[in-house]
Structures are given as C-alpha cells and as structure tokens.
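1. Show me the folded form of this:
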Amino acid sequence: LVALGGSKRGWARVHNAGTVWESIDAGESWRNISRVAPASYKSANVMAAAWSAGETVWAAVKGVGMSRSVDGGLTWEVRWPAGRSTTLASGAVHPTNPDIAYAAFGDGTGVVKTTNGGKTWTDSDAGLPAGGNFEAFGISESDPETLYVGSASEPKHAWVTHDGGLHWLPTGSPPKAQAYGLGMQASFLSVHPTDKMTVLYATWVTLWQTKDGGTTWSDLTANAKPGDDTGTMWNGTGYGGLVTTNVEWNPYVSEKYKFKRAFLQGMDAGKIWAAADAGSPPAFWRRQTGLNAFGGGNALAFAADGMTVFAGTGQF
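-> Prediction:
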C-alpha cells in the first residue's frame, strides 16, 4: 500500500502534504519513503492518486501539477508543462496503460489528458462547463474509455464520457426531494471496479449512487417517507454525512406539536431536525424549512406555548 499526504480542502495546517508512505503488511505499519515533488515545493498538496500497470503511480498535486512514480512511490518526477496552471482538484489514471492520465482543475480551466506519460497534455473537456471546480474524478477499470467527473459548484448533475474524454455528456439529475439539498456538488466519486454503470458519488453531506451510468441517482444517506412528495419527512440509513452539534428536548407540549419534542442540530446542512412521530427512536424526522441550506446550527430554546422555538445557527 502507498499513502500520499494532502488535504482535500487545502488546509495549510496539514504538515505532511506531499509526503509518501509505504506499507508492506496491509497497513499494520508504515514508513516514509519519499515526497511527490522536490522539497522546494512546500505546498505540494496531493488531491488524488492512483496506480496504473506495474509499479506506476500518478498523483495530482495542487501547487505542482501531475507527478509520476515508476517504482511504486520510491522516486517521483514532475510531469507537467511549465506555465500551465497547477490548481489541480483531482485526477484519474488508466488502469493498464501507465502513459494515460487525466488532470482536472479547480480554477475553471477544465480537464486535460496525456497519452505519452506526461510529455504533452491536451484539453479533454468538450461538453464540460467553463469555470467548473472538478473535485471528483473517476475512471472505469472495466472500460477505461468511460470516466465520470463532478464539480463542487454544480448541483444539477455530473458528467460522463464513453470515449476517453473526447466528449462529455451531463448525467441525470438527483431527485428533487433531498434531505440536505446540495444536489450533485461533488467532493469525491468512485466507479465500481467491474461495472462501469455503477458509481458512488459523494458530496459534503450526501452519498449518491447510480446503477445505470448516471441516468438516475438514489440517496444512500436518507430515505424519504413514502407518499411524502414535499421532501420534509426522512429517516436515516446509518450514514448521514453530518456531525451532530446539539440535542434538545422541548419540555413544553402543545396539542398541535405533541410529538415534536426531540430536536437535533448538526454542522453543515444539519441545521435543525425535529422528531416527526412518537416512536422511540422516531421513525421519521422533519427537515427544517425557511433556513439557508448551509452554515450549521448550535442552539435551541423553547417557549412555554410548546410551539415557538428559537434557534441559533452558525457552523461553530
């Protein structure tokens, strides 16, 4: 195993950015073996990395460009043209041809591809929108001509190519009813190793899945209440993607809201959730309305009428 240091968010406090470790006992122990770029690249932040055939490893390194190792990570060579943007957000590598790699940018300059081991790079973004921050990138091992890409700023859909990046097409959109409301704003994606039509696609708070190549998407984090087309009643699946910041019990009861006594708040899109039935635990929770999608929640107070609730919001 080879692990490469970096921060997906580009946090400067991650001090091991660009460092490479190796494990020869399935992760039980690790040793530092190299860096993905010379020490002079102090901001060598690895955004993505992948193996190809043999001992070849490619790394998309923000602040550096694409870097390649042909000896399993022991030594590295920057394979990136001078003058080209180094604001990389993700990358992908052909699983059997180590000379083919893709790099995606986070500054709106699209996707590029090499077919000669990084000697030259050409645009590979026909059909992709200008200005996209392409943080999610994945290639099919079973059909390397099929790739998927997602943008951190696009809620409507992702994109797929079936010709190695010559042409990109938008995928289908997620359901209109969403527990967290961020759509397809991407963080990471992974294509099933033997089925090019199955993809896991992560946003900051939701995990989407497609089994038909992106035509339709399902939410693996929350289930809507059957028959509720308003998108307000949900139950979790065990992976919520959120961090709970506050749990409160309303000591007052009203006839109208007698079941909604338990309240949760969370970071990011968590904001406020109220128990929607008398189950223990509740079968469904009611999502808040009238609040902006992001920013988190941190405090609740209740009035004696059992109906009025005051909320404090803010990420921290």
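2. what's around Gly279, how many residues?
-> 11 (other C-beta atoms under 10 Å). (Glycine included, C-beta is placed from N, CA and C.)
3. Could you do Asp163 as well?
-> 11.
4. Next, the contact list for it, please.
-> By C-beta atoms under 8 Å, 6 or more residues apart in numbering, Asp163 lies in contact with Glu145.
5. Show me where the chain dips below the pLDDT cut-off.
-> 14 (pLDDT under 70).
6. Now do the helices in it.
-> Using DSSP state H, the chain contains no helices.
7. quick one: the residue at minimal distance from the centre of it from Gly297, how far?
-> Residue closest to the average C-alpha location in the chain (C-alpha atoms, centre = their mean): Ser187, at 2.0 Å. If you measure Ser187 against Gly297 using C-beta to C-beta, to the nearest Å, the figure is 21 Å.
8. shouldn't the residue nearest to the centre of the chain be in contact with Val205?
-> No - look at Ser187 against Val205 with C-beta atoms under 8 Å: they stay out of range, at 9.3 Å.
9. quick one, what contacts Glu77?
-> Ser67, Arg68, Ser69.
10. out of those, which is most surrounded?
-> Ranking these using other C-beta under 10 Å puts Ser67 first, with 27 neighbours.
11. surely His192 meets Tyr201?
-> No - in this structure, His192 is not within contact of Tyr201 by C-beta under 8 Å, at 11.7 Å.
12. Compare these two and say which is more crowded by neighbours.
-> Tyr201 (26 against 17).
13. beta partners for Gly91?
-> Gly91 has these beta-bridge partners by DSSP bridges: Ala103.
14. likewise Gln265?
-> Going by DSSP bridges, Gln265 forms beta bridges with Asn246.
15. And for Val70, the neighbour number?
-> Val70, neighbours per other C-beta under 10 Å, totals 16.
16. no wait, Pro129
-> The local packing of Pro129 (other C-beta under 10 Å) involves 15 other residues.
17. again, but for Glu55
-> Using other C-beta under 10 Å, Glu55 has 14 neighbouring residues.
18. Then Val149?
-> 30.
19. cool, and Gly296?
-> By other C-beta under 10 Å, the residues close to Gly296 number 20.
20. who are the neighbours in contact with it?
-> Neighbours of Gly296 in contact, by C-beta under 8 Å, 6+ apart: Thr245, Gln265, Gly266, Met267, Asp268, Gly270, Lys271, Thr313, Gly314, Gln315, Phe316.
21. now these: which count as buried?
-> Thr245, Gln265, Gly266, Met267, Asp268, Gly270, Lys271, Thr313 (16 or more other C-beta atoms under 10 Å).
22. any idea which of the contacts of Glu77 is closest to Ile139?
-> Ile139 has its nearest neighbour among these in Arg68, at 16.1 Å by C-beta to C-beta.
23. pretty sure that closest one contacts Gly91?
-> No - contact between Arg68 and Gly91 fails when scored by C-beta under 8 Å: they sit 10.9 Å apart.
24. Residues in contact with both of these two, list them for me.
-> Counting by C-beta under 8 Å, 6+ apart, the residues touching both Arg68 and Gly91 are Trp58, Ala59, Ala101.
25. how about the closest residue in space to Leu88 that isn't next to it in sequence, what does it touch?
-> Using C-beta to C-beta, 6 or more residues apart in numbering and skipping residues adjacent in sequence, the residue nearest Leu88 is Ala60, 4.5 Å away. For Ala60, the contacting residues are Val46, Met47, Ala48, Ala49, Met66, Leu88, Ala89, Ser90, Gly91, Ala103, Ala104, by C-beta under 8 Å, 6+ apart.
26. how much space between the second one and Ala17?
-> Between Met47 and Ala17 the distance is 10 Å, computed by C-beta to C-beta.
27. what is in contact with the two at once?
-> Common neighbours of Met47 and Ala17 (C-beta under 8 Å, 6+ apart) are Gly6.
28. give me the beta-bridge partners of Lys62?
-> Where Lys62 sits in a bridge, its partners, by DSSP bridges, are Asn45.
29. That one against Tyr41, yeah?
-> No - between Lys62 and Tyr41 there is no contact under C-beta under 8 Å: 10.2 Å.
30. out of those two, which sits in the more crowded spot?
-> Set Lys62 next to Tyr41 and count neighbours by other C-beta under 10 Å: Lys62 wins out with 24 against 19.
31. contacting residues for that one?
-> Gly6, Gly10, Ser43, Ala44, Asn45, Val46, Met47, Thr86, Thr87, Leu88, Ala89, Gly106.
32. Apply 10 Å and report the result again.
-> 6-8, 10, 17-18, 43-48, 86-90, 105-106 (C-beta atoms under 10 Å, 6 or more residues apart in numbering).
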